[in-house]
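Asker: A predicted structure for the sequence below; I have some questions about it.
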Amino acid sequence: MGIIAFSGGSYGYARCTLSPFVGYLGGMCDLLQTVLYSAVFVNTISHAVALSSEDPSFMDILPLWWMAVYLVVILLLLPGGKSLWNIMMFVGGLTVVSMLFYCLPNIPRINFGEYATKAVAPFAGNAHLFINELTGPTSCYMGIDILAVFGKEAKEPTKNMPWAIFWTFVITMMFAWWVTLTVVSTSPGMGPILLNENLLFPMHMAFETIYDLSNGAANMLMVPMVFSTALAFLYAAACQMQSMSKLGLLPPFLSKTHGPNRVPVYGILTAALLGYIARVMRWHFAPHGHTLYSLSMVGACCVYISLFWCFLVFKVRYGSMDRTFTNPLGVLSAIYGICYFAVILLSILFVQLNYQALLGFVPFMILAIVYYYRVVESRQFFSREEQSTFMKAYILNGKYLLNTTL
């Protein structure tokens, strides 16, 4: 399973268990997830900076703010090595501190019965509305899988990475529940005012009230919480481009690095350029809605479904293969995961009535498939580890097919 340490996504699994083509599509979905999710938070940072000026004209030049934010992110990523990880640790720590400054002072102000029940309980709606809103909680899962991209930077990744993913998930869920409870239980509660276009997050109003801040200052307090996400996802996208390029799945120039820390400069610049183009296209063709966020969620759902499906294939066909980590929750957890993310995927593509995510995802997959059969199929490269794993997989799969046919 060490292949995941350098592949950083579902395609390492899928190339070994299903087919090179399925693995390639899994990698492309992972790229869709990371590039667009970073772009979503670049936009959020730009909105926060523009709104902090309290000058309406600043909202008319958002593309310039996107460019400025991407430039700052790129400059922070370029040093690489220890400097990069120090920056990551600082921004991540600042994010946690900001959330604690929001949650802890709000504890005396929490009143679930007065503020939350008016809008969220009892639940009023139907199955269609429930599935439509189910995509919200799924955002807590976003990014958990890309921790594997950083496996080459970790000591003993096969031992440490599973625990890193586990504790990241626990901390994320803890803050998600805590923040959600605080948002719905403090004045003004969940109501129409939260849909105001000048409000980036429901947390914004509490910052204003608790610390007696202006609208602009409260917006700026949200920046650390989203800047770390934009930074990490852009770097993850660059690392994945570099990894896929080394396997022949993407153009060769993306595998090149710069400096003693081997920073994937071309991957960083390409991911930033693609994210910026996506933002400009969304600005021009779909000025309303959350198209890029929905597309990133589509990519994430495809990745998670692929990972769970590959786990089932490993369990059924290659149960005797040596592995460094075993899922303690077993097959049922994989089946549950497939069903859950399949519902989310169907919700985004077909239940939500604007169909913008579908209109973006289908052309992306068509281009990816054409590129695979015209370019990738003839030049893709399998590493020694993949070749060894493929050989074992083919032998075990042959025995499996022989036994099932007999």
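Answerer: Nice, thanks for sending it over. Residues are numbered from 1 along each chain as shown.
Asker: ends of stretch 249-267, how far apart?
Answerer: Using CA to CA, to the nearest Å, the gap from the first to the last residue of stretch 249-267 comes to 14 Å.
Asker: can you pull the buried residues of stretch 352-359?
Answerer: Of the residues in stretch 352-359, those buried by neighbour count under the rule 16 or more other CB atoms under 10 Å are 352, 356-358. From N, CA and C alone the C-beta is placed, and that goes for glycine too.
Asker: And for stretch 257-271?
Answerer: Within stretch 257-271, the residues that count as buried by 16+ other CB under 10 Å are 263-271.
Asker: residue ranges for the helices of the stretch 1-150 of the chain, please.
Answerer: Taking DSSP state H, counting those that start in this stretch, the helices of the stretch 1-150 of the chain run over residues 3-7, 10-17, 20-52, 62-77, 81-106, 117-120, 127-133, 135-138.
Asker: outside of stretch 212-231, which residues touch it?
Answerer: 37-38, 41-42, 44-45, 47-49, 51-54, 69, 73, 76-77, 87-88, 91-92, 94-95, 98-99, 143, 198, 200-201, 203-205, 207-208, 211 (CB atoms under 8 Å, 6 or more residues apart in numbering).
Asker: From those residues, keep the buried residues only.
Answerer: Neighbour-count burial (16+ other CB under 10 Å) is assigned, among the contacts of stretch 212-231, to 37-38, 41-42, 44-45, 47-49, 51-52, 69, 73, 76-77, 88, 91, 95, 98-99, 143, 200-201, 203-205, 207-208.
Asker: so what pLDDT did residue 250 get?
Answerer: The per-residue pLDDT reported for residue 250 equals 91.
Asker: Which of the three states applies to it?
Answerer: For residue 250, the secondary structure call by DSSP: H, G, I helix; E, B strand; the rest coil comes out as coil.
Asker: quick one: contacts for the closest residue in space to it that isn't next to it in sequence?
Answerer: Spatial nearest neighbour of residue 250, chain neighbours left out: residue 244 (4.6 Å); criterion: CB to CB, 6 or more residues apart in numbering. With contact set as CB under 8 Å, 6+ apart, residue 244 has these partners: 11, 27, 31, 250, 254.
Asker: so which helix or strand takes in residue 244?
Answerer: Counting by DSSP states H and E, the element that carries residue 244 is helix 223-246.
Asker: by contact count, what packs against the helix or strand that that helix is followed by?
Answerer: Where DSSP H and E defines the elements, the next helix or strand beyond helix 223-246 is helix 265-285. Helix 265-285 makes packing contacts with helix 20-52, helix 62-77, helix 223-246, helix 291-317 when contacts are defined by 3 or more CB pairs under 8 Å, 6 or more residues apart in numbering; DSSP states H and E.
Asker: run the last query once more with 10 Å
Answerer: Using 3 or more CB pairs under 10 Å, 6 or more residues apart in numbering; DSSP states H and E as the contact definition, the elements that helix 265-285 packs against are helix 20-52, helix 62-77, helix 223-246, helix 291-317, helix 356-371.
Asker: Just put these in CSV and tack on distance to residue 114 and mean pLDDT.
Answerer: Listed next are those as CSV, based on distance: least, CB to CB, whole Å; pLDDT from 0 to 100:
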stretch, distance to residue 114, mean pLDDT
helix 20-52, 29, 85
helix 62-77, 37, 90
helix 223-246, 27, 86
helix 291-317, 31, 84
helix 356-371, 37, 91
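Asker: and these as a markdown table, adding distance to residue 346?
Answerer: Shown next, in a markdown table, are the helices and strands packed on helix 265-285 (distance: least, CB to CB, whole Å):
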| stretch | distance to residue 346 |
| --- | --- |
| helix 20-52 | 16 |
| helix 62-77 | 31 |
| helix 223-246 | 25 |
| helix 291-317 | 9 |
| helix 356-371 | 11 |
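Asker: Figure out which of those is closest to residue 172.
Answerer: In this view, the helices and strands packed on helix 265-285 are compared for proximity to residue 172 by CB to CB, and helix 223-246 is the closest at 11.2 Å.
Asker: How far away from the center of its chain is that closest one?
Answerer: 9 Å (CA atoms, centre = their mean, to the nearest Å).
Asker: Kindly export it (C-alpha atoms) in CSV.
Answerer: In CSV, the C-alpha atoms belonging to helix 223-246 read as follows (Å, rounded to 0.1, in the frame of the first residue of the first chain):
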residue,chain,number,x,y,z
VAL,A,223,-9.5,35.2,6.5
PRO,A,224,-7.1,33.0,8.6
MET,A,225,-9.8,30.3,8.7
VAL,A,226,-10.0,30.0,4.9
PHE,A,227,-6.5,31.0,3.9
SER,A,228,-5.0,27.8,5.3
THR,A,229,-7.4,25.8,3.1
ALA,A,230,-6.6,27.7,-0.1
LEU,A,231,-2.9,27.3,0.6
ALA,A,232,-3.0,23.6,1.4
PHE,A,233,-5.3,22.6,-1.4
LEU,A,234,-3.2,24.4,-4.0
TYR,A,235,-0.1,22.7,-2.8
ALA,A,236,-1.8,19.3,-2.8
ALA,A,237,-3.0,19.9,-6.4
ALA,A,238,0.6,20.7,-7.4
CYS,A,239,2.0,17.6,-5.7
GLN,A,240,-0.6,15.4,-7.4
MET,A,241,0.1,16.9,-10.8
GLN,A,242,3.8,16.2,-10.3
SER,A,243,3.1,12.6,-9.2
MET,A,244,0.7,11.9,-12.1
SER,A,245,3.2,13.5,-14.5
LYS,A,246,5.9,11.1,-13.4
